[in-house]
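**Q** Provide a 3D model corresponding to the input given below.
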Amino acid sequence: MKTLPPNAHSDHLKKQAKELLRRYREGDAHAVARFIGALPAAAQRTHEEVIALDLRLHDAQSCVAREYGFVSWTELNDHVDAQTVARHATSPLARRWLDLAYGGDVTGRYDAARPRVAAQLLRDRPELLAADVWVACAAGHRESVERALHADPAWVNRAGGPLNLPPLVAVTHSRLGQLAGYAERLRECARLLLDAGADPNQRIGNRYPPASLAQPDEAGPLPALYGAAGVNRDPQLTAMLLDAGADPNDNESLYHSLENPVVTRVLLERGARVSGTNALRRALDMADATALELLLAHGGDPNEPGRGEVAKTWGAPLLRAIAVRCSVRHIAALLAAGADPMAKTPDGVSAWRLAMQTGQVDVAEALRAAGAAEALDAEDAFVAACARADVVAARALQAARPDLPGALPHARLRLLPDAAAWGSTDAVKVMVELGWPVEARGGDWDASALNHAVFRGDAALSAFLLAHGATWRALQGFGSDVLGTLSWASINEPDGVERPDWKACAEALLAHGLPAVERDPAQTGCVRIDGRTMRFSDEVTDVLLGTGAA
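**A** Prediction:
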């Protein structure tokens with residue numbers, strides 16, 4: 001592993017990545033070997049296979065970061081920034097360190113936690129542990145916490161520090177708990193605090209914007225248990241808090257535990273109620289059906305009326321499961337638990353018809369076996385053919401009904417953005433080529449197909465949609481447009497997206513009428529576009545300004 005220079009600068013790192021990419025494109029054997037050695041997508045491939053991958057700048061940046069021991073380019077740059085702060089006094093460094101250790105719901109910032117960077121900073125500046133008890137809480141430093149308790153026993157239940165945290169919340173919400181070397185230390189500190197009389201139901205109000213550290217959202221409390229079960233998803237820490245009297249029905253912990261069904265089981269076995277938490281619908285977002293099966297086995301109602309816009313759109317959990325392309329195992333679990341196979345959406349679309357409309361023939365067969373099947377009319381058959389990307393069948397149906405797809409109601413037109421949201425690229429292309437309104441809005445955040453394609457970093461689909469009349473001005477449910485989507489996605493790099501290329505998405509937008517972009521002289525790292533100040537990832541910013549590598 002390469003050693004990062006003590007005075008590393010982000011501009012120098014950018015030059016390293018661009019030089020690596022240049023040499024790779026020239027076929028340089030050493031550059032290719034670096035990708036094979038550090039980039040997961042290139043691992044165990046031949047020289048020719050790596051060249052055929054057509055790697056981009058973000059791949060080179062990832063390679064450079066991993067060579068220095070960081071999991072992402074963002075983490076590498078965060079570390080460089082933290083090193084700069086570390087050369088200053090301890091007090092501002094401690095505050096910066098806490099920002100790295102906690103997520104935005106604690107700090108009141110948009111920036112995500114960077115626990116690996118925080119851990120590296122502690123290795124560089126270990127004196128922080130003794131100098132600031134709040135750093136000690138977040139790092140699981142037992143000796144410092146013991147000293148604080150000895151000096152002031154009442155401190156155990158008193159909020160304080162730069163983030164105004166009660167000590168137990170400071171321990172359980174620290175994202176260093178996601179690192180193997182810190183999880184046990186944090187458990188020890190939590191046990192110490194509980195033995196000293198800490199209230200296991202300590203909590204704070206959510207600070208994530210538009211709330212803030214100064215004005216938290218008290219209607220969205222975040223208890224210590226949520227930190228253990230929903231943030232770090234630590235089954236041992238979760239059990240410890242529950243055994244000490246933490247309330248399992250805090251309306252947050254169960255919902256957010258589902259990525260680790262072991263934690264979900266701990267909560268359920270200690271009295272967490274499924275009803276009213278919306279956890280059942282959240283389980284439909286999990287690729288693995290284990291969490292759903294656990295919820296159903298512990299009293300989850302497979303026909304539970306939902307809440308919010310998603311529930312209003314789809315109705316029963318079974319219909320939501322079909323809409324988001326859940327596996328047949330999810331569907332089977334719902335049906336076995338008593339889900340009504342004859343359920344209909346608020347717009348009157350049956351489960352079986354919805355499965356056909358979304359191209360899920362295997363799900364439709366499972367519903368047929370449960371007694372749900374019906375004849376498809378011409379409109380449904382057309383939609384089903386499009387969803388299967390069966391262009392021959394779809395054109396034949398359209399020949400008999402030239403008013404399609406124009407005659408379709410919104411509930412079916414939204415299947416275009418729904419397909420884009422779930423990566424059904426072939427279906428999207430068939431729909432658009434057969435005349436589907438390209439600006440139809442749908443998906444979980446009421447957005448156009450272009451918004452969903454850009455969110456996923458699908459540059460090819462973005463370019464296709466733009467070439468067929470989609471506009472970057474199309475609004476989405478969060479009140480912004482495609483630029484806002486590109487900003488959020490390129491900075492936050494959402495999970496579950498395979499090989500995103502937001503740089504190429506930006507190139508596609510520039511090729512289809514995006515206004516001139518210029519640096520914002522008042523805000524470092526930001527640009528001015530269409531009268532707005534916006535921030536994007538460095539790679540996307542370079543493209544928008546015309547300074548990025550091809």
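**Q** which residues does the residue nearest to residue 69 when sequence neighbours are not counted contact?
**A** In this structure, residue 69 finds its nearest non-sequential neighbour in residue 1, 5.1 Å apart by Cβ to Cβ, 6 or more residues apart in numbering. In short, each C-beta sits where N, CA and C put it, glycine included. By Cβ atoms under 8 Å, 6 or more residues apart in numbering, the residues touching residue 1 are 67-69.
**Q** Would you mind checking these for buried ones?
**A** Those of these that meet the buried threshold are 67-68, by 16 or more other Cβ atoms under 10 Å.
**Q** nearest to residue 338, of the contacts of residue 1?
**A** Among the contacts of residue 1, residue 69 lies closest to residue 338 (Cβ to Cβ), at 50.8 Å.
**Q** what residues are up against that closest one?
**A** Counting by Cβ under 8 Å, 6+ apart, residue 69 has contacts 1-2, 4.
**Q** Show me the strands in the protein, by range?
**A** Counting by DSSP state E, residue ranges of the strands within the chain are 203-206, 217-223, 441-442, 447-448, 517-519, 526-529, 532-535.
**Q** Among these, single out whichever gets nearest to residue 284.
**A** Comparing those by Cβ to Cβ, strand 441-442 comes nearest, at 16.7 Å.
**Q** What is the closest one packed up against?
**A** helix 415-421 (3 or more Cβ pairs under 8 Å, 6 or more residues apart in numbering; DSSP states H and E).
**Q** Return the alpha-carbon coordinates of the helix it packs on using CSV.
**A** Output in CSV follows, covering the C-alpha atoms of helix 415-421 (Å, rounded to 0.1, in the frame of the first residue of the first chain):
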residue,chain,number,x,y,z
LEU,A,415,-44.8,2.8,-15.8
LEU,A,416,-42.2,4.5,-18.0
PRO,A,417,-40.4,6.3,-15.2
ASP,A,418,-41.0,3.3,-12.9
ALA,A,419,-39.1,1.1,-15.4
ALA,A,420,-36.3,3.7,-15.5
ALA,A,421,-36.2,3.8,-11.7
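**Q** Could you export the contacts of residue 1 as TSV, including pLDDT?
**A** Below are these laid out as TSV (pLDDT from 0 to 100):
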residue	pLDDT
67	94
68	91
69	89
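**Q** Any chance of the contacts of residue 1 in a markdown table with distance to residue 356 as columns?
**A** Listed next are the contacts of residue 1 as a markdown table, based on distance: Cβ to Cβ, whole Å:
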| residue | distance to residue 356 |
| --- | --- |
| 67 | 49 |
| 68 | 51 |
| 69 | 50 |
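**Q** Return the closest of the contacts of residue 1 with respect to residue 332.
**A** The closest of the contacts of residue 1, once distances to residue 332 are taken by Cβ to Cβ, is residue 69, at 43.7 Å.
**Q** ok, now how distant is the closest one from residue 503?
**A** 24 Å (Cβ to Cβ, to the nearest Å).
**Q** for residue 100, same thing?
**A** Distance from residue 100 to residue 503, by Cβ to Cβ: 26 Å.
**Q** shaky segments in the stretch 301-450 of the chain?
**A** 306-313 (pLDDT under 70).
**Q** same question, the stretch 1-150 of the chain
**A** 82, 85-91.
**Q** Kindly report the domain assignment for this structure.
**A** Listed by automatic domain parsing, the domain ranges of the chain are 10-76, 290-369, 378-545.
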